[in-house]
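Participant: have a look; sequence and predicted model below, questions after that.
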Amino acid sequence: MTPATTSPPTPILATKHLAGVAVPDTPLVTAALEFARQHSTDYTYNHLIRSLLFGFIISDKLPQTQTRDREAHAIAAILHDLGFPLGHPPHTAVLSSDKRFEVDGANAARDFLKREADPQSWDKHRLQLVWDAIALHTIGSVIFHKEPECQACSYGIWADFQGPDRLPGGVLTWEEYHRVAKEYPRLGLMKGVKENMLHLCKTKPETTYDNTVGEWGDRYLQGEGYSREGKLTQYLLETCDLDDKEPPQ
């Protein structure tokens, strides 16, 4: 997919290899890894690293993502699930009581960059790339039409949930997948995802009604007080009666 805009080229970065995959080795990437580790369960942290590595494997093969801002891609991938509620230290400042988990993660990543990054290097555009990559990563019909950095981040995330056989074009082989998963094992990720999704449905349900998190509540929390009845966007639009109201004379 070709995005509407392309980011300007970035300087060549120092690299390091994780599970045989070359990724940026900058102080900011190191700080992001440490920040993610402090706010994640073991299974979430390994998911973040696998998403980073799969994203680099895939995006280095695709013409539309080869010239991406590699540091922005790395930061977004590493921090993309900061909004997962399980794994945070007590009294965390990252989680809100009224925002979607993707927005909590995007806000936390932007705050991290404003705090840790060189403002001369991280202008408004780069900050927005990371925010968008995280905030939209669960919406496939949108994210894969965004900038290369956003696409690249989600390629890796989706690969960790889809696996090589569900990805088109052979962009990730089983050999590549197993090499990464052997070094960063899954540790029951899908059980952990379910626990996080249900926790969100129970603790801040209003953030789940219009998105995929609510699907977990529909399936597993029926009869426990969770319901999206009358809260879906279709219902809100269908009950709009403004067409029948005349402006005051």
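Facilitator: All right, it came through fine.

Participant: going by C-alpha atoms from here, please, whenever you check contacts or count neighbours.
Facilitator: Noted.

Participant: what does the worst-scoring helix or strand of the chain on mean pLDDT rub up against?
Facilitator: Ranked by mean pLDDT, DSSP states H and E, the weakest helix or strand in the chain is helix 233-238, scoring a mean of 93. For helix 233-238, the external contacting residues (C-alpha atoms under 8 Å, 6 or more residues apart in numbering) are Asp210, Gly230.

Participant: quick one: it to chain centroid distance?
Facilitator: Distance of helix 233-238 from the chain centroid (C-alpha atoms, centre = their mean, to the nearest Å) equals 27 Å.

Participant: in a helix, that's where Ala76 is, yeah?
Facilitator: Yes: assessed by DSSP: H, G, I helix; E, B strand; the rest coil, Ala76 belongs to a helix.

Participant: coming back round to it: dump the least confident helix or strand of the chain to PDB, keeping only the CA atoms.
Facilitator: C-alpha atoms of helix 233-238 as PDB (Å, rounded to 0.1, in the frame of the first residue of the first chain):
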ATOM      1  CA  THR A 233     -22.600   4.000  17.000                       C
ATOM      2  CA  GLN A 234     -25.400   2.600  14.800                       C
ATOM      3  CA  TYR A 235     -27.800   3.000  17.700                       C
ATOM      4  CA  LEU A 236     -26.700   6.600  18.400                       C
ATOM      5  CA  LEU A 237     -27.200   7.500  14.700                       C
ATOM      6  CA  GLU A 238     -30.500   5.700  14.300                       C
END
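
Participant: which one's the longest helix in this structure?
Facilitator: Ranked by residue count and defined by DSSP state H, the top helix of the chain is helix 42-59.

Participant: dihedrals phi and psi, Pro24?
Facilitator: phi -60, psi 140 (degrees, to the nearest 10).

Participant: that should have said Val21, apologies.
Facilitator: Backbone torsions for Val21, taken as degrees, to the nearest 10, come to phi -110, psi 130.

Participant: what's the answer for Thr203, then?
Facilitator: According to degrees, to the nearest 10, Thr203 has phi -100, psi -30.

Participant: give me the contact list for stretch 101-114.
Facilitator: If you take C-alpha under 8 Å, 6+ apart as the criterion, stretch 101-114 is touched by 76, 79-85, 94-96, 122, 127, 130-138.

Participant: in that stretch, what's buried?
Facilitator: Residues of stretch 101-114 classed as buried by neighbour count (16 or more other C-alpha atoms under 10 Å): Phe101, Glu102, Val103, Asp104, Gly105, Ala106, Asn107, Ala108, Ala109, Arg110, Phe112, Leu113.

Participant: what's the answer for stretch 199-216, then?
Facilitator: By 16+ other C-alpha under 10 Å, the buried positions in stretch 199-216 come out as 199-202, 204-209, 213-216.

Participant: mind putting the residues you listed in a markdown table, distance to Thr26, pLDDT and secondary structure included?
Facilitator: Compiled in a markdown table, the buried residues of stretch 199-216 are given as follows (distance: C-alpha to C-alpha, whole Å; pLDDT from 0 to 100; DSSP: H, G, I helix; E, B strand; the rest coil):
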| residue | distance to Thr26 | pLDDT | secondary structure |
| --- | --- | --- | --- |
| His199 | 35 | 98 | helix |
| Leu200 | 34 | 98 | helix |
| Cys201 | 37 | 98 | helix |
| Lys202 | 39 | 97 | helix |
| Lys204 | 36 | 97 | coil |
| Pro205 | 38 | 97 | helix |
| Glu206 | 38 | 97 | helix |
| Thr207 | 35 | 98 | helix |
| Thr208 | 36 | 98 | coil |
| Tyr209 | 39 | 97 | coil |
| Val213 | 34 | 98 | helix |
| Gly214 | 38 | 97 | helix |
| Glu215 | 39 | 97 | helix |
| Trp216 | 38 | 98 | helix |
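
Participant: and these, which is closest to Pro27?
Facilitator: Of all the buried residues of stretch 199-216, the one with the least separation from Pro27 (C-alpha to C-alpha) is Leu200, at 32.8 Å.
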